[in-house]
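In: Okay, here's the prediction I keep looking at, along with the sequence it came from:
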Amino acid sequence: MKYSIRTPLAVSLVALLAACSQPDDSATPHNELSGAAVEAARAAQAEQSESERLYAWFDELFEADLVRSPQTQTQLGRIGNLDAYGRWDAVTDEAAAADQQRRIDRLAYLRDSFDYDALDADARVSYRVFEYLQETGIRQYEFRDQNYVFTQMFGPHTGMPTLLISQHRIENADHAEAYIRRLEGLGPVLDTLIVRADERAEAGVLPPRFAFDYLIGNTQALITGAPFDDSGEDSPLLADFRSKVEALDIDQEAKDDLIARATWTLESSVSLAYRRLIDMFERHAGMTDTRDGAWKLPRGEAYYESQLASFTTLPDLSPQEVHDIGLAEIDRIHGEMRAIMDQVGFEGSLQDFFEFMRTDEQFYLPNTDEGRAEYIAGANAIFDRVRTVLPDYFDTMPEAPLVVREVEAFRAAGSPSAFYNSPALDGSRPGIYYANTLNMRNLPTYQMETLAYHEGIPGHHFQLALAQEREGTPMFQRLLYLSAFGEGWALYAESLGKEMGLFTDPYQDFGRLAYELWRAGRLVVDTGIHYLQWSREDAIEYLMANTSFTEEEIVREVERYIVWPGQATSYKIGQMRIRDLRDYAREELGDDFDWGEFHDVVLTNGSLPLPVLTELVNDYVAGKRGDGQE
């Protein structure tokens, strides 16, 4: 038998390159070079195997996409093209239409020009992943006008300044000039998006009212400080530019000139653009209402189904099924939590136990430098302990090291309690597990172990670093992130900690269950909001009654789910599929089941749509049995 799936390949969102591309005049969609270069490439391909030809084509497309995406070039540290280093990605409707045509052309060329049966096993996986990304992008294009242009979670209004501050390096005067050109380009990009947001607002595509308070506040923060007012401190962009330029090895007069020009651009251009944006937010706040779900949108039902398919990578999974899965998982996890209550001798209801875990001082370190240092030391000790048992469960482990750091003060207020940053492709930076120690009440010690397994080892660090280190795999695949796979793996890694015997006491095991319960609750409230027409208050009330998280955390999370339909379902759906595939392999193989081999199947192909992962595990089990069973 095989682990059965009900879906064909295809679906899900998230291609590596966010393809805000400019239109081009490519006559040959399969080869975005021209003239003699095309002939040379064809001659070289004639000498290659089918797999080599496919990989060469993928590499060519990746480089062509980079040319069209200056922002991705910056994110990957490619700053040799100074013209691109001073530009933003195109955000016009024409650029989006050109992207769509490229997807259509590439999908047709993939199927017409490569013999799938002649590919080796790794190339077949790459083929399927690329095919999936094109199919998904083509389908999602149909719903592009149902998305919110700006939300409190994300949008170019904060995304572009964030890229400048966090990723635009200034190593010489030319890089500073490019920064100034990007400042000059902020206004035109925002004006294009203001027109788009106005058009969508007229069509009834508006975030709910609560989002506008955040939008206005976050935007105002960017134009607070010099040169926008007399508060005495530099605004975020001027402070960033000034600090980078002052660090250059050039004469002071040149530094002063660059800073003066950036200041003038901020004052004369950026300020006006952001004030136009705030004016639009204020207008839209008066047009919207308090309805929260995607169901209110003109094509809301179909749009939400598309979002679920994209984020879970399972196109046949209905909103009602997702909702019911969440309810069943919550009941199961509540039962395991009650067993822990009995184990520690707690008397009272499950809700009483939640309150005990939220408030008892034994679970919190002091909000002092000593408390912060103790937390970081504790996280390092957890990873040291994990590393001693890894060889029993993993055959392939990343070469990149993992380090633990506190979130820097300048960004702590806007950061989650913990997160992971991938290592640099060139090995110059390790993987980093960040703990946000700004407020130690947000880092209860009973969650310390499960957070470490999720964000670090064997969670995101293993999944992302191994994908990046996969030499010979197409670059698009090495850098791809699909939420159902990536977050599903990280949540699976938490439960794997239980299998590995890593949780040191019942309260740490409760921390594992608390996070799994949270992800199960997301299935219920995401579908509740967007399919069953729950209000924001309904969702908050449900999570307060059924999870152990604080009201502040719950409000923030519910507001995220409202403006990002479907994304929150990917964690639990992905984890359950990986867990079920593991259980299937163990049952089928019995004593021949090997943890390391199974985890290699899951992790060594990068981020995968769940149907493709399912096929790989089925093939692994059949090959391991060697008996041709179906």
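Out: Structure received. It should be emphasised that the depicted structure is a prediction, and the values quoted were computed from it without experimental measurement. Residues are numbered from 1 along each chain as shown.
In: which stretches of the protein aren't confidently modelled?
Out: Counting by pLDDT under 70, the chain shows low-confidence ranges at 1-47, 410, 627-630.
In: ranges for the strands of it?
Out: Ranges of strands in the chain, per DSSP state E, are 402-406, 418-421, 431-435.
In: nearest to P298, of the ones you listed?
Out: strand 418-421 (35.0 Å; CB to CB). Yep, even glycine has a C-beta here, placed from its N, CA and C like the rest.
In: elements contacting the closest one?
Out: strand 431-435, helix 448-455, helix 460-468 (3 or more CB pairs under 8 Å, 6 or more residues apart in numbering; DSSP states H and E).
In: Let me know which of those is tucked in deepest.
Out: Among the helices and strands packed on strand 418-421, ranked by average contacts under mean count of other CB atoms under 10 Å, first place goes to helix 448-455 (a mean of 26).
In: Just the CA atoms of it, as CSV, please.
Out: Extracted as CSV, the C-alpha positions of helix 448-455 are listed here (Å, rounded to 0.1, in the frame of the first residue of the first chain):
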residue,chain,number,x,y,z
MET,A,448,12.2,27.5,26.4
GLU,A,449,12.9,23.9,25.1
THR,A,450,10.1,23.7,22.5
LEU,A,451,11.0,27.2,21.1
ALA,A,452,14.6,26.1,20.8
TYR,A,453,13.7,22.9,18.9
HIS,A,454,11.3,24.8,16.6
GLU,A,455,13.6,27.8,15.7
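In: tell me what it is packed against?
Out: Against helix 448-455 (3+ CB pairs under 8 Å, 6+ apart) you get helix 369-389, strand 418-421, strand 431-435, helix 483-499, helix 506-530.
In: TSV please, covering the strands of the chain and showing distance to Q48.
Out: Formatted as TSV, the strands of the chain follow (distance: least, CB to CB, whole Å):
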stretch	distance to Q48
strand 402-406	37
strand 418-421	36
strand 431-435	34
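In: Which among these is found nearest to I330?
Out: strand 418-421 (23.3 Å).
In: that older thread, so for N546, which of the helices and strands packed on strand 418-421 sits nearest?
Out: Across the helices and strands packed on strand 418-421, closest to N546 is helix 448-455 (CB to CB), at 18.4 Å.
In: which helix of this protein spans the most residues?
Out: In the chain, taking DSSP state H as the definition, the longest helix is helix 173-202.
In: For L327, the count of nearby residues, please.
Out: By other CB atoms under 10 Å, 15 other residues sit near L327.
In: Relative to N147, how far out is T74?
Out: 24 Å (CB to CB, to the nearest Å).
In: Show me which of those two is the more surrounded one.
Out: Per other CB under 10 Å, whichever of T74 and N147 has more neighbours is T74, with 22 against 18.
In: wait, what's in contact with the more buried one?
Out: 85, 163, 167-168 (CB atoms under 8 Å, 6 or more residues apart in numbering).
In: And the residues you listed, which of them are buried?
Out: Neighbour-count burial (16 or more other CB atoms under 10 Å) applied to the contacts of T74 gives 85, 163, 168.
In: List the contacts of the first one.
Out: Taking CB under 8 Å, 6+ apart as the definition of contact, the neighbours of Y85 are 70, 73-74, 79, 168, 175, 178.
In: domain parsing for the chain?
Out: Domains of the chain are assigned by automatic domain parsing as 35-142, 169-294, 304-572.
In: most remote residue from the protein's center?
Out: No residue in the chain sits farther from the centre than E253, which is 42.4 Å out by CA atoms, centre = their mean.
In: which residues does the closest residue to R536 other than its chain neighbours contact?
Out: Nearest residue to R536, sequence neighbours excluded (CB to CB, 6 or more residues apart in numbering): D292, at 4.9 Å. Residues in contact with D292 (CB under 8 Å, 6+ apart) are 208, 529, 534-536, 539, 562.
In: try it again with 7 Å
Out: 208, 529, 535-536, 562 (CB atoms under 7 Å, 6 or more residues apart in numbering).
In: For the residues you listed, give me a markdown table that also has neighbour count and distance to Y116.
Out: As requested, the contacts of D292 are exported to a markdown table (neighbours: other CB atoms under 10 Å; distance: CB to CB, whole Å):
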| residue | neighbour count | distance to Y116 |
| --- | --- | --- |
| P208 | 19 | 46 |
| I529 | 24 | 40 |
| S535 | 17 | 48 |
| R536 | 21 | 47 |
| I562 | 28 | 41 |
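In: OK, contacts around D257?
Out: By CB under 7 Å, 6+ apart, D257 has no neighbours at all.
In: sorry, back to before: out of the helices and strands packed on strand 418-421, the one nearest S310 is which?
Out: When those are compared (using CB to CB), the closest one is helix 460-468, at 19.5 Å.
In: which of the residues in stretch 258-275 are buried?
Out: 258-259, 261-263, 265-266, 269-271, 273-274.
In: In helices, which of those residues fall?
Out: 258-259, 261-263, 265, 271, 273-274.
In: one step back: closest to L616 out of the contacts of D292?
Out: I529 (33.8 Å).
In: Correct me if wrong: that closest one contacts Y561.
Out: Yes: assessed by CB atoms under 7 Å, I529 is found in contact with Y561 at 6.2 Å.
In: Identify the residues contacting P458.
Out: Per CB under 7 Å, 6+ apart, neighbours of P458: 390, 394, 493, 496.
In: Can you say which of the residues you listed are buried?
Out: 394, 493, 496.
In: Now distance to Y304 too, for those residues, in CSV please.
Out: Converted to CSV, the buried ones among the contacts of P458 look like this (distance: CB to CB, whole Å):
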residue, distance to Y304
F394, 37
A493, 29
L496, 32
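In: Tell me the one among these nearest to S306.
Out: Taking these together and measuring to S306 by CB to CB, the closest member is A493, at 28.9 Å.
In: so what's the closest one closest to, chain neighbours aside?
Out: G459 (3.8 Å).
In: Tell me how many other residues surround that neighbour.
Out: With other CB under 10 Å as criterion, G459 counts 26.
In: So it is in contact with G488, correct?
Out: No: between G459 and G488 there is no contact under CB under 7 Å: 10.6 Å.
In: residues in contact with I104?
Out: Taking CB under 7 Å, 6+ apart, one finds I138 in contact with I104.
In: What of S495?
Out: Per CB under 7 Å, 6+ apart, neighbours of S495: 512, 516, 579.
In: Who are the contact partners of the first one?
Out: By CB under 7 Å, 6+ apart, the contact set of R512 is 450, 494-495, 497-498, 503.
In: Looking at the buried residues of stretch 258-275, which one is closest to G345?
Out: Y274 (57.0 Å).
In: Which residue, neighbours along the chain excluded, lies closest to that closest one?
Out: Per CB to CB, 6+ apart, closest to Y274 is I223, 4.9 Å.
In: Burial check on that neighbour, number of neighbours?
Out: For I223, using other CB under 10 Å, the count is 22.
In: Could you report the distance from it to H157?
Out: 11 Å.
In: now swap in P208 and tell me
Out: 18 Å.
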